[in-house]
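Novice: Here is my input; please provide its structure:
(chains A and B)
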Amino acid sequence: GAVVSQHPSWVICKSGTSVKIECRSLDFQATTMFWYRQFPKQSLMLMATSNEGSKATYEQGVEKDKFLINHASLTLSTLTVTSAHPEDSSFYICSARIRLAGPKNIQYFGAGTRLSVL
Amino acid sequence: ELKVEQNPLFLSMQEGKNYTIYCNYSTTSDRLYWYRQDPGKSLESLFVLLSNGAVKQEGRLMASLDTKARLSTLHITAAVHDLSATYFCAVGRFYLLTQGGSEKLVFGKGTKLTVNP
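Specialist: A predicted model of the protein is given here:
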């Protein structure tokens, strides 16, 4: 099946620093990549939708200047948490939507990145 | 606004028993997904339901979709401890882009299933 690689899997940083998370589709081209955030024992909330070569679309309430998304190619999207604070600590999950028609045109999820801001 | 309600949120059951998790959604959807999440892990895709009346089975899990009732169910048969996890349903809604389209997922709150020996 389609593989989405997310890196790093776990990061600890000091408050005020920036953290970059990478999401790669390894064996397919992704028309769209999605970034989700999941707080402990809660559901996944869509943060933004990223289309290759264009600006990301952010969901209501998500600060685009704080969560910078770059989708430089059909296989790579990055999420940068700028000036991270403890309240940004969360589990961030990316997904990529395969560039195919039909039932396989679904989202494939990365393994997630656990961010802890001290 | 699309809302997805899942119940129960917590489910503790004994091995060998059967149970059903329900997923209701508020507006017409295009696809319905079920995922499993183990603690500290990402999502594992279980089922994709595409049309009214769709039923899919994998091992002890069976998912169904009734688009008229806006309801999907995940039925667990003869539960075993290995099924302990959190199960999410998600509703997919397509939207148009300048070129083509894409799909957004709205997740339910999840059902934490614990299967006791």
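
Novice: CA atoms for contacts and neighbours, from now on please.
Specialist: OK.

Novice: What confidence value was assigned to the closest residue to B:N116 other than its chain neighbours?
Specialist: Leaving out its chain neighbours, the residue that sits closest to B:N116 by CA to CA, 6 or more residues apart in numbering or on different chains is B:Q14, at 4.8 Å. Per-residue pLDDT puts B:Q14 at 94.

Novice: so B:Q14 sits right up against B:A79, yeah?
Specialist: Yes: using CA atoms under 8 Å, B:Q14 is in contact with B:A79, at 7.2 Å.

Novice: who touches both of the two?
Specialist: B:V115 (CA atoms under 8 Å, 6 or more residues apart in numbering or on different chains).

Novice: who's more crowded, the two?
Specialist: With other CA atoms under 10 Å in any protein chain shown as the criterion, B:Q14 and B:A79 differ in neighbour count, and B:A79 comes out ahead with 22 against 14.

Novice: Now residue 82: closest residue in space, sequence neighbours ignored.
Specialist: Defaulting to chain A. A:S18 (4.3 Å).

Novice: That was the other one, I meant chain B.
Specialist: B:D82 sits nearest to B:V115 (CA to CA, 6+ apart), 7.8 Å away.

Novice: Tell me how far the helix or strand where that neighbour lies lies from the chain's centre.
Specialist: Here B:V115 is covered by strand B:111-116, with elements defined by DSSP states H and E. With CA atoms, centre = their mean, to the nearest Å as the basis, strand B:111-116 stands 14 Å off its chain's centre.

Novice: what residues are up against residue 56?
Specialist: Here I'm looking at chain A. A:A48, A:T49, A:S50, A:I69, A:N70.

Novice: oops, chain B please
Specialist: With contact taken as CA under 8 Å, 6+ apart, B:K56 is in contact with B:F47, B:L49, B:M62, B:A63, B:S64.

Novice: Over to it. Which of the three states is it?
Specialist: strand (DSSP: H, G, I helix; E, B strand; the rest coil).

Novice: how much space between it and B:S84?
Specialist: For B:K56, the distance to B:S84 equals 20 Å [CA to CA, to the nearest Å].

Novice: How about B:F47?
Specialist: 17 Å.

Novice: circling back: out of the contacts of A:A56, which sit inside strands?
Specialist: The strands, defined by DSSP state E, take in A:A48, A:T49, A:S50, A:I69, A:N70 from those.

Novice: and B:E44, bridged to which residues?
Specialist: B:R36 (DSSP bridges).

Novice: hang on, the earlier thing: if you rank the contacts of B:K56 by neighbours, which is first?
Specialist: B:A63 leads the contacts of B:K56 on contacts (other CA under 10 Å) with 24 neighbours.

Novice: I'd say B:P117 and B:Q14 touch.
Specialist: Yes: applying CA under 8 Å as the test, B:P117 and B:Q14 come out as touching, 6.1 Å apart.

Novice: what's the overlap in contacts for the two?
Specialist: The contact lists of B:P117 and B:Q14 share B:V80, where a contact means CA under 8 Å, 6+ apart.

Novice: Give me the neighbour count for the residue nearest to A:T113 when sequence neighbours are not counted.
Specialist: Distance criterion CA to CA, 6+ apart; nearest residue to A:T113, sequence neighbours excluded, is A:S9 at 4.3 Å. Residues near A:S9, counting by other CA under 10 Å, number 18.
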